[in-house]
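[1] A predicted structure for the sequence below; I have some questions about it.
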Amino acid sequence: MAMKLFYSPTHNFIHKSVVVAEEVGVWDQIEEVPVYPREHGYSIAAINPLAKVPTLALEDGTVLFGSQTVAEYLDSISANAVRVFPASGPDRWDALTRLSRADLFLIL
Ligand SMILES: N[C@@H](CCC(=O)N[C@@H](CS)C(=O)NCC(=O)O)C(=O)O
(Lines give C-alpha, C1' and ligand atoms only; values in the text may rest on other atoms or scores of the structure.)
Protein backbone atom coordinates (compact mmCIF):
# COMPACT_ATOMS: atom_id res chain seq x y z
CA MET A 1 0.00 0.00 0.00
CA ALA A 2 1.42 3.36 -1.01
CA MET A 3 -0.85 5.64 1.01
CA LYS A 4 -2.74 5.62 4.29
CA LEU A 5 -6.16 7.24 4.29
CA PHE A 6 -7.28 8.19 7.79
CA TYR A 7 -11.04 8.15 7.77
CA SER A 8 -14.15 7.73 9.85
CA PRO A 9 -16.92 5.69 8.23
CA THR A 10 -19.57 7.76 9.95
CA HIS A 11 -18.44 11.16 8.68
CA ASN A 12 -19.46 12.52 5.33
CA PHE A 13 -16.30 14.25 4.05
CA ILE A 14 -14.50 10.95 3.59
CA HIS A 15 -16.84 9.72 0.89
CA LYS A 16 -15.58 12.25 -1.63
CA SER A 17 -12.07 10.79 -1.33
CA VAL A 18 -13.39 7.25 -1.71
CA VAL A 19 -15.42 8.12 -4.83
CA VAL A 20 -12.48 9.87 -6.52
CA ALA A 21 -10.07 7.03 -5.61
CA GLU A 22 -12.44 4.52 -7.18
CA GLU A 23 -13.06 6.64 -10.27
CA VAL A 24 -9.37 7.13 -11.04
CA GLY A 25 -8.38 3.57 -10.20
CA VAL A 26 -6.13 4.13 -7.19
CA TRP A 27 -8.25 2.60 -4.44
CA ASP A 28 -6.03 -0.49 -4.38
CA GLN A 29 -3.07 1.74 -3.46
CA ILE A 30 -4.79 2.96 -0.31
CA GLU A 31 -4.75 1.47 3.16
CA GLU A 32 -7.76 2.60 5.16
CA VAL A 33 -7.00 3.64 8.73
CA PRO A 34 -10.21 4.15 10.70
CA VAL A 35 -10.19 6.94 13.26
CA TYR A 36 -13.04 8.24 15.30
CA PRO A 37 -12.49 11.92 16.11
CA ARG A 38 -13.53 12.79 19.65
CA GLU A 39 -13.97 9.11 20.51
CA HIS A 40 -11.73 6.54 22.13
CA GLY A 41 -9.19 9.21 23.08
CA TYR A 42 -7.48 8.72 19.73
CA SER A 43 -6.42 11.67 17.63
CA ILE A 44 -4.57 12.24 14.38
CA ALA A 45 -3.45 15.69 15.55
CA ALA A 46 0.18 14.55 15.38
CA ILE A 47 -0.03 14.49 11.58
CA ASN A 48 -2.90 16.93 10.98
CA PRO A 49 -3.21 19.86 13.40
CA LEU A 50 -6.92 20.07 12.55
CA ALA A 51 -7.37 16.40 13.55
CA LYS A 52 -9.96 15.99 10.86
CA VAL A 53 -10.69 13.38 8.26
CA PRO A 54 -9.97 12.82 5.47
CA THR A 55 -6.23 12.89 6.03
CA LEU A 56 -3.96 11.19 3.51
CA ALA A 57 -0.40 10.15 4.44
CA LEU A 58 1.82 9.45 1.46
CA GLU A 59 4.63 6.92 1.46
CA ASP A 60 7.26 9.69 1.51
CA GLY A 61 5.80 11.16 4.71
CA THR A 62 3.84 13.96 3.07
CA VAL A 63 0.48 14.50 4.76
CA LEU A 64 -2.44 15.98 2.86
CA PHE A 65 -5.71 17.08 4.40
CA GLY A 66 -8.88 18.88 3.46
CA SER A 67 -11.29 16.85 1.36
CA GLN A 68 -10.69 18.92 -1.80
CA THR A 69 -6.93 18.61 -1.39
CA VAL A 70 -7.16 14.84 -0.97
CA ALA A 71 -9.60 14.46 -3.85
CA GLU A 72 -7.45 16.55 -6.20
CA TYR A 73 -4.29 14.69 -5.21
CA LEU A 74 -5.88 11.31 -5.89
CA ASP A 75 -7.14 12.62 -9.22
CA SER A 76 -3.61 13.79 -10.09
CA ILE A 77 -2.23 10.25 -9.74
CA SER A 78 -4.96 8.64 -11.84
CA ALA A 79 -4.06 5.08 -12.77
CA ASN A 80 -6.65 4.65 -15.49
CA ALA A 81 -6.58 7.90 -17.51
CA VAL A 82 -9.87 9.02 -15.95
CA ARG A 83 -9.63 12.55 -14.53
CA VAL A 84 -12.41 13.86 -12.33
CA PHE A 85 -11.08 17.43 -12.25
CA PRO A 86 -10.24 19.13 -15.55
CA ALA A 87 -7.07 21.23 -15.44
CA SER A 88 -8.78 24.53 -16.25
CA GLY A 89 -11.79 26.25 -17.65
CA PRO A 90 -15.51 26.11 -16.93
CA ASP A 91 -15.53 22.32 -16.60
CA ARG A 92 -13.02 22.56 -13.74
CA TRP A 93 -15.18 25.04 -11.82
CA ASP A 94 -18.20 22.86 -12.43
CA ALA A 95 -16.36 19.79 -11.12
CA LEU A 96 -15.15 21.62 -8.02
CA THR A 97 -18.60 23.02 -7.35
CA ARG A 98 -20.04 19.52 -7.59
CA LEU A 99 -17.35 18.33 -5.17
CA SER A 100 -18.47 20.96 -2.66
CA ARG A 101 -22.09 20.04 -3.19
CA ALA A 102 -21.20 16.44 -2.31
CA ASP A 103 -20.72 17.59 1.30
CA LEU A 104 -24.49 17.84 1.43
CA PHE A 105 -25.34 14.69 -0.47
CA LEU A 106 -23.23 12.39 1.63
CA ILE A 107 -24.35 13.26 5.14
CA LEU A 108 -25.15 10.02 6.90
N1 LIG B 1 -12.91 21.21 5.56
C2 LIG B 1 -12.59 19.85 5.94
C3 LIG B 1 -13.61 19.36 6.91
C4 LIG B 1 -13.35 17.96 7.38
C5 LIG B 1 -14.18 17.63 8.57
O6 LIG B 1 -14.90 18.46 9.15
N7 LIG B 1 -14.10 16.38 8.99
C8 LIG B 1 -14.83 15.96 10.16
C9 LIG B 1 -15.61 14.71 9.88
S10 LIG B 1 -16.76 14.90 8.59
C11 LIG B 1 -13.88 15.65 11.28
O12 LIG B 1 -12.86 15.04 11.05
N13 LIG B 1 -14.23 16.09 12.48
C14 LIG B 1 -13.43 15.77 13.61
C15 LIG B 1 -13.55 16.76 14.69
O16 LIG B 1 -14.15 17.82 14.43
O17 LIG B 1 -13.03 16.48 15.75
C18 LIG B 1 -12.55 18.96 4.69
O19 LIG B 1 -13.14 19.33 3.67
O20 LIG B 1 -11.90 17.93 4.74
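    Here it is on my side, so go on.
[2] For the top helix by length along the chain, buried residues please.
    If you go by DSSP state H, the chain has its longest helix at helix 90-105. Buried residues in helix 90-105, counted by 16 or more other C-beta atoms under 10 Å: 95-96, 99, 102. Any C-beta I mention is one placed from the backbone N, CA and C, and that applies to glycine too.
[3] so can I have JSON lines of those residues showing pLDDT?
    JSON lines is the format used below for the buried residues of helix 90-105 (pLDDT from 0 to 100):
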{"residue": "95", "pLDDT": "97"}
{"residue": "96", "pLDDT": "97"}
{"residue": "99", "pLDDT": "94"}
{"residue": "102", "pLDDT": "87"}
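[4] and the longest helix of the chain, what does it pack onto?
    Applying 3 or more C-beta pairs under 8 Å, 6 or more residues apart in numbering; DSSP states H and E, we find helix 90-105 packed against helix 14-23, helix 67-76.
[5] re the thing from before, name the nearest of the buried residues of helix 90-105 relative to residue 50.
    residue 99 (18.6 Å; C-beta to C-beta).
[6] shouldn't that closest one be in contact with residue 70?
    No - if you go by C-beta atoms under 8 Å, residue 99 and residue 70 don't touch, sitting 10.7 Å apart.
[7] ok and the longest helix of the chain relative to helix 14-23, angle-wise?
    Using axes from the mean of the first three to the mean of the last three C-alpha atoms, to 10 degrees, the direction of helix 90-105 lies 130 degrees away from that of helix 14-23.
[8] Need the contact partners of helix 90-105.
    Residues from elsewhere that reach helix 90-105, judged by C-beta atoms under 8 Å, 6 or more residues apart in numbering: 12-13, 15-16, 19, 67-68, 71, 84-86.
[9] Quick check: residues of the protein near the ligand?
    Within the chain, the positions adjacent to the ligand are 11-13, 37-38, 51-54, 66-67 by C-beta under 6 Å from any ligand atom.
[10] Kindly reformat these as a markdown table containing pLDDT.
    Formatted as a markdown table, the residues of the chain next to the ligand follow (pLDDT from 0 to 100):
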| residue | pLDDT |
| --- | --- |
| 11 | 75 |
| 12 | 77 |
| 13 | 86 |
| 37 | 57 |
| 38 | 64 |
| 51 | 88 |
| 52 | 90 |
| 53 | 91 |
| 54 | 94 |
| 66 | 96 |
| 67 | 95 |
